[in-house]
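[1] here you go, sequence then predicted model.
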Amino acid sequence: MICINSYRIAHMAENEDGFLSPPRFSSHECMELNEISLRNNDWQTDYQQQGAGAFETWFDLYVSSNLRISDQYCSREMSVSGIPPPDHAALALQLNPGKKGIFQGREFGANNAGLIAPDAETFFCTPANLRMLVFTIPLPRFNQALHAAANKKELHHLIAETPVTNLDSGTLVALTRATHHAINIVRSAPQSARLAVCLSEIEDYIITTVSLALTKHSRPARGVLARKNHLRCLMQARSYIEAHLDSPLGMETLTGVTGASARSLETAFREILNVTPVQYIRLHRLNAAKKILLRADRTQSSVTATAQALGFSHMSRFAQNYRALFGELPSVTLAASA
């Protein structure tokens, strides 16, 4: 297992032949994926465990100046939000057969592809045992490929029309194989710059394949305005919740913050995150509690003080919910802290 403190790739040099793929990262903590994504992929992410039980994940990464690819597995259901690096767009592919999540309020499963706009926060409620590929592409490179594939169709038009589209099985297999081929080449060749031509061709193949697949059956999506309104009020509520986990949080407060009705908020949370606002608050407070306990000085901290600071008044219920989500009592987490 690679430790998070040693899992860091060098910043890309001003060199077109820079191809990097660090060793696979593995962890039992969902929250470590946030630091991995920021350190090595420049994504702003928020991974929150939702499914009960012990958590396992691994994360493979390929990076060059023209393309970043992450291949990841996560054992439990999660609530994930993410913003791509500046001036980049992304495409997310879920590889789980028969298991579906919710991407931007839409059912999302195998053979589905989700487009992630530049500078836009995207929400994904994942299934258990998630296997996902994410291709992060510089905006000029992406638009260039789309121009060639679809008669100068701009990316922002494509995202407005088809934020979620389908890929045929052959395309999915081809993209998966190309990804693994690129990662294996970099990891097996100490001086991958010598294979720059081969790797550049693989990258071109991936980006072209993605662009052709996205523009093949584009058609306007239904309910775009309603979905945008739900996203807007959800993001307002979510931002307020995350900044006030240690303050009273009720529907009256959230409706006052967002200007939306309680029914609209409930619909937005259920549609996009597959939880109620109350469940969302509880899950985030539990995740926040674990983060605090993991980093606490066990000689000066207590489970009770941590729970109460986050709005939990019933210690036995807090411990029960904590154990149901993380597979251990909060006292065990604190005892294992540094």
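    Here it is on my side, so go on. Residues are numbered from 1 along each chain as shown.
[2] what's Gly327 in contact with, if anything?
    Gly327 is in contact with 52-55, counting by Cβ atoms under 8 Å, 6 or more residues apart in numbering. Yep, even glycine has a C-beta here, placed from its N, CA and C like the rest.
[3] kindly recompute the last result at 10 Å.
    28, 52-55, 76 (Cβ atoms under 10 Å, 6 or more residues apart in numbering).
[4] can you flag the buried ones in the residues you listed?
    55, 76 (16 or more other Cβ atoms under 10 Å).
[5] now, the contacts of Gly327 that are in strands?
    If you go by DSSP state E, those have nothing in strands.
[6] counting neighbours, what do you get for Ser313?
    By the measure other Cβ atoms under 10 Å, the count of residues near Ser313 is 8.
[7] now do the contacts for Thr304.
    Residues in contact with Thr304, defined by Cβ under 10 Å, 6+ apart, are 312, 315, 318-319, 330-331.
[8] now which of the residues you listed would you call buried?
    312, 318-319, 330-331.
[9] can you name the element that comes right after the lowest-mean-pLDDT helix or strand in the chain?
    Lowest by mean pLDDT, DSSP states H and E among the helices and strands of the chain is helix 155-161, with a mean of 61. Next in sequence after helix 155-161, counting helices and strands by DSSP states H and E, comes strand 164-166.
[10] now do the buried residues in that next one.
    Applying 16+ other Cβ under 10 Å to strand 164-166 flags 164-165 as buried.
[11] buried residues in the helix or strand that it is followed by?
    The helix or strand immediately downstream of strand 164-166 is helix 169-188, counting by DSSP H and E. Buried residues in helix 169-188, counting neighbours by 16+ other Cβ under 10 Å, are found at 171-172, 174-175, 178-179, 182-183, 185-187.
[12] before we move on, what about stretch 95-115?
    95-96, 99-106, 108-110, 112-115.
[13] ends of that stretch, how far apart?
    Distance across stretch 95-115, first residue to last, is 15 Å (Cα to Cα, to the nearest Å).
[14] what about it, distance to the chain center?
    13 Å (Cα atoms, centre = their mean, to the nearest Å).
[15] strands of the stretch 1-150 of the chain, start to end?
    25-27, 44-49, 57-63, 68-74, 78-83, 88-94, 101-103, 106-108, 112-116, 122-125, 130-138 (DSSP state E, counting those that start in this stretch).
[16] reformat the ones you listed as TSV; add mean pLDDT and distance to Ala289.
    Output for the strands of the stretch 1-150 of the chain, formatted as TSV (pLDDT from 0 to 100; distance: least, Cβ to Cβ, whole Å):
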stretch	mean pLDDT	distance to Ala289
strand 25-27	93	19
strand 44-49	92	12
strand 57-63	93	20
strand 68-74	95	20
strand 78-83	93	16
strand 88-94	93	29
strand 101-103	92	25
strand 106-108	89	29
strand 112-116	89	30
strand 122-125	92	21
strand 130-138	95	24
